[in-house]
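Student: Turn this into a structure:
(one chain, ligands or ions: 1)
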Amino acid sequence: MITSLALPGVIRTSFLVLVIMGLSGAFSSLVLADSGSIQGKTDSNTNHISNSVPDNSKVHEYQLKNGMKVLVKQDKRAPVAVIQVWYRIGTSYEHDGITGLSHLLEHMMFKGTKKHASGEFEKLVSAIGARNNAFTSQDYTAYYEVLASDKLETAIEIEADRMRNLLFDPEEFKKELEVVKEERRLRTDDNPNALMREQFNAVAFLNSPYRAPVIGWMVDLEHMKVEDAHDWYKKWYTPNNATLVIVGDVDPEQIHAWAEKYFGVYQSHPLPDVKVRTEVEQKGIRHITMKLPAKLPGLRMGFKVPGMISAKKGEVEKWEPYALEVLAYILDGGDSARFAKNLVRGREIAASAGAGYYSYGRLPNLFVITGVPAKDVSTADLQKALLNEVDILKNELVSEAELKRVKAQVVANEVFERDSIEHVATLLGSLESVGLGHQYMDDYVPGVLAVTAEQIREVAKKYLLEDHLTVAELIPQSLKTTAKTEKKPSTTKSIKK
Ligand SMILES: [Zn+2]
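Tutor: Numbering: from 1, shown residues only. Here you go, the predicted structure:
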């Protein structure tokens with residue numbers, strides 16, 4: 001199951017199914033999507049926009065006796081529905097030596113239960129005309145089907161079945177482990193930018209679990225055993241660690257009844273203790289270089305920043321994450337944004353430049369700036385120019401006109417994305433899974449609209465500090481030399497992000 005990446009909140013230009021809040025490709029390592037039969041993953045932007053934006057019908061929330069949460073949102077514009085089952089388990093719950101286990105388990109979820117043999121899942125899904133997908137991130141693992149709403153009961157039944165009845169056939173496991181290792185080779189080892197991103201994260205974070213890649217370190221994959229996956233499953237795939245999300249042309253009471261019937265039969269299980277691993281304070285700039293076979297040089301920079309969860313806990317002001325969100329758009333929100341206007345077109349220093357902030361994680365993350373220098377420009381000069389744009393934001397207030405334009409764009413993106421039932425379901429599920437609560441969905445637009453020019457200057461001054469910065473530089477090596485040293489020719493096809 002090797003498909004293109006899809007991730008919540010991260011891609012502005014090539015919008016995938018799972019985009020939650022506008023962010024740039026800066027975070028494309030956050031989520032690994034695997035699909036059985038996903039289609040139309042790219043450019044949903046250009047495909048459709050319906051005239052009627054869905055109303056703000058409320059989210060019906062239920063909790064089963066075993067602790068499982070059920071969220072249902074009606075959208076009757078078409079006789080379709082999306083069903084998602086979310087588990088609060090991902091890379092950030094793993095420890096050294098078992099990185100990648102959550103994602104590997106996600107693969108095993110397609111390998112059969114007592115009731116449905118391996119391969120039958122896909123057949124059942126296609127028999128009801130559904131397309132399905134699964135993805136793993138640092139904070140959660142989710143499974144979903146998109147289908148005609150009158151076929152929903154079957155999907156609920158098969159999702160409930162694989163919550164507790166998965167088989168761990170050693171042969172199937174062995175095969176799937178090879179699939180995952182190949183996925184790692186294709187997506188990371190043969191992709192210079194992904195490889196840089198991986199080591200950049202590991203250097204930026206010393207003890208936060210966000211330092212580990214979702215796909216896992218190769219050495220950890222090589223030593224993974226079927227028992228590891230089985231244990232992980234028994235520990236975390238329990239109703240009290242899951243949320244069922246359904247959006248579409250459905251009756252909430254009927255969904256509640258089906259949830260009781262199929263998921264309600266399971267007992268809740270005590271969950272393992274999750275240790276607090278708050279990142280230690282960074283005390284100065286970190287810099288790494290990576291010499292990799294690549295066509296172009298590259299730069300990746302990240303500042304430690306709080307997220308929405310920090311605001312929820314009262315560790316930072318409520319408006320701060322929203323101000324960072326707007327700040328990201330000022331730098332990189334299309335052609336009129338500052339990076340494009342000043343550095344790509346204006347001074348022609350950058351071939352491309354981006355900024356991204358993922359505010360919806362379970363733990364604080366990074367504000368990321370990326371760039372590729374223009375021809376005959378050094379990476380050092382590009383870095384200076386990018387950081388200069390950040391410094392301007394620390395010293396000069398954004399004009400009312402620019403702020404108004406950027407906010408309008410953020411809101412327009414959001415309204416557009418809310419048009420998709422898959423987007424809405426993904427947003428509900430992820431917010432619930434990281435501990436923010438689905439109600440946060442309604443806070444986003446007002447939160448963005450309330451941001452002032454002074455607040456943008458304040459978060460720039462408070463968080464975009466050189467002492468909290470990590471810089472990774474990609475120094476391209478000849479593609480030819482490395483091809484020779486490799487045992488077998490491997491694909492260097494990059495995955496579209
Ligand atoms: Zn995968």
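Student: Can you tell me the SS state at the residue in the chain that the ion sits nearest to?
Tutor: The nearest approach of the chain to the ion comes at residue 34, 4.0 Å away (CB to the ion). Bear in mind the C-beta positions are built from the backbone N, C-alpha and C, glycine included. Put simply, residue 34 is strand when judged by DSSP: H, G, I helix; E, B strand; the rest coil.
Student: That one bridge partners, please.
Tutor: Residue 34 has these beta-bridge partners by DSSP bridges: residue 134.
Student: For it, give me the pLDDT.
Tutor: In this model, residue 34 is scored at 71, pLDDT.
Student: List every C-alpha atom in stretch 270-288, with coordinates, as PDB.
Tutor: Taking Å, rounded to 0.1, in the frame of the first residue of the first chain, the C-alpha atoms of stretch 270-288 are listed here in PDB:
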ATOM      1  CA  PRO A 270      -7.200   0.400  30.800                       C
ATOM      2  CA  LEU A 271      -4.800   2.300  28.600                       C
ATOM      3  CA  PRO A 272      -1.000   2.400  29.100                       C
ATOM      4  CA  ASP A 273       0.400   5.300  31.000                       C
ATOM      5  CA  VAL A 274       1.700   7.900  28.500                       C
ATOM      6  CA  LYS A 275       4.800   9.600  30.000                       C
ATOM      7  CA  VAL A 276       5.200  13.400  29.600                       C
ATOM      8  CA  ARG A 277       8.100  14.200  27.300                       C
ATOM      9  CA  THR A 278       8.000  18.000  27.100                       C
ATOM     10  CA  GLU A 279      10.800  19.200  24.800                       C
ATOM     11  CA  VAL A 280      13.800  20.600  26.700                       C
ATOM     12  CA  GLU A 281      14.400  24.300  26.100                       C
ATOM     13  CA  GLN A 282      16.700  25.000  23.100                       C
ATOM     14  CA  LYS A 283      19.600  27.200  24.000                       C
ATOM     15  CA  GLY A 284      21.000  28.300  20.700                       C
ATOM     16  CA  ILE A 285      20.700  27.800  16.900                       C
ATOM     17  CA  ARG A 286      21.300  24.300  15.600                       C
ATOM     18  CA  HIS A 287      22.600  23.700  12.100                       C
ATOM     19  CA  ILE A 288      23.000  20.500  10.100                       C
END
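Student: can you pull the buried residues of it?
Tutor: Neighbour counts over stretch 270-288 (16 or more other CB atoms under 10 Å) mark 279, 282, 286, 288 as buried.
Student: Identify the farthest-apart pair in the residues you listed.
Tutor: Using CB to CB, the buried residues of stretch 270-288 span at most 17.3 Å, a distance reached by 279 and 288.
Student: which SS state does residue 216 fall under?
Tutor: Once three-state DSSP is applied, residue 216 turns out coil.
Student: and residue 144, that one's in a strand?
Tutor: Yes - under three-state DSSP, residue 144 sits within a strand.
Student: beta partners of it?
Tutor: Going by DSSP bridges, residue 144 forms beta bridges with residue 84, residue 133.
Student: lowest-confidence helix or strand of the protein?
Tutor: Comparing every helix and strand of the chain by mean pLDDT, DSSP states H and E singles out helix 44-47 as the least confident one, with a mean of 29.
Student: model confidence over the one helix or strand residue 425 maps to, on average?
Tutor: Using DSSP states H and E, residue 425 falls within helix 421-433. On average, the pLDDT along helix 421-433 is 97.
Student: list the buried ones in that helix?
Tutor: 421-433.
Student: Stretch 156-176 now?
Tutor: Using 16+ other CB under 10 Å as the burial criterion, the residues of stretch 156-176 that qualify are 156-164, 166-169, 172-173, 176.
Student: swap in stretch 242-251?
Tutor: Result for stretch 242-251 [16+ other CB under 10 Å]: buried residues 242-250.
Student: show me the contacts for residue 109.
Tutor: By CB atoms under 8 Å, 6 or more residues apart in numbering, the residues touching residue 109 are 134, 143, 162, 166.
Student: any weak-confidence spans in the stretch 51-200 of the chain?
Tutor: 51-56 (pLDDT under 70).
Student: Could you identify the helix or strand that succeeds the least confident helix or strand of the chain?
Tutor: Following helix 44-47 in sequence, per DSSP H and E, is strand 59-63.
Student: Let me have that next one in PDB, keeping just the CA atoms, if that works.
Tutor: These are the backbone C-alpha positions of strand 59-63, laid out as PDB (Å, rounded to 0.1, in the frame of the first residue of the first chain):
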ATOM      1  CA  VAL A  59     -22.300  17.800  15.700                       C
ATOM      2  CA  HIS A  60     -24.200  15.100  17.500                       C
ATOM      3  CA  GLU A  61     -22.000  13.600  20.100                       C
ATOM      4  CA  TYR A  62     -22.600  10.200  21.900                       C
ATOM      5  CA  GLN A  63     -20.500   8.200  24.200                       C
END
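Student: which other helices and strands contact it?
Tutor: strand 69-74, helix 252-262 (3 or more CB pairs under 8 Å, 6 or more residues apart in numbering; DSSP states H and E).
Student: can you rerun that using 10 Å?
Tutor: strand 69-74, strand 242-248, helix 252-262, helix 421-433 (3 or more CB pairs under 10 Å, 6 or more residues apart in numbering; DSSP states H and E).
Student: Kindly check the end-to-end length of stretch 294-311 for me.
Tutor: Separation of the first and last residues of stretch 294-311 by CA to CA, to the nearest Å is 40 Å.
Student: where does that stretch sit relative to the chain's centre, distance-wise?
Tutor: 14 Å (CA atoms, centre = their mean, to the nearest Å).
Student: Work out for me the element residue 369 sits within.
Tutor: With DSSP H and E as the criterion, residue 369 is inside strand 365-373.
Student: Likewise for residue 147?
Tutor: Going by DSSP H and E, residue 147 is in strand 141-148.
Student: What residues sit buried inside that strand?
Tutor: Buried, per 16+ other CB under 10 Å, within strand 141-148: 141-147.
Student: near the ion too, which of the residues you listed?
Tutor: Among the buried residues of strand 141-148, not one lies near the ion by CB under 5 Å from the ion.
Student: quick one: the residue of the chain closest to the ion and residue 180 touch, right?
Tutor: Yes - contact criterion CB atoms under 10 Å: residue 34 and residue 180 qualify, at 9.5 Å.
Student: surely residue 429 meets residue 438?
Tutor: Yes - using CB under 10 Å, residue 429 is in contact with residue 438, at 8.2 Å.
Student: Verify the stated contact: residue 81 with residue 145.
Tutor: Yes - taking CB under 10 Å as the definition, residue 81 is a contact partner of residue 145 at 8.7 Å.
Student: Identify the contacts common to these two.
Tutor: Common contacts of residue 81 and residue 145, defined by CB atoms under 10 Å, 6 or more residues apart in numbering, comprise 130, 151-152, 155.
Student: Can you list which of the residues you listed are found in helices?
Tutor: If you go by DSSP state H, the shared contacts of residue 81 and residue 145 have 152, 155 in helices.
Student: List, one by one, the residues from the stretch 151-300 of the chain near the ion.
Tutor: Residues of the stretch 151-300 of the chain lying near the ion (CB under 5 Å from the ion): residue 183.
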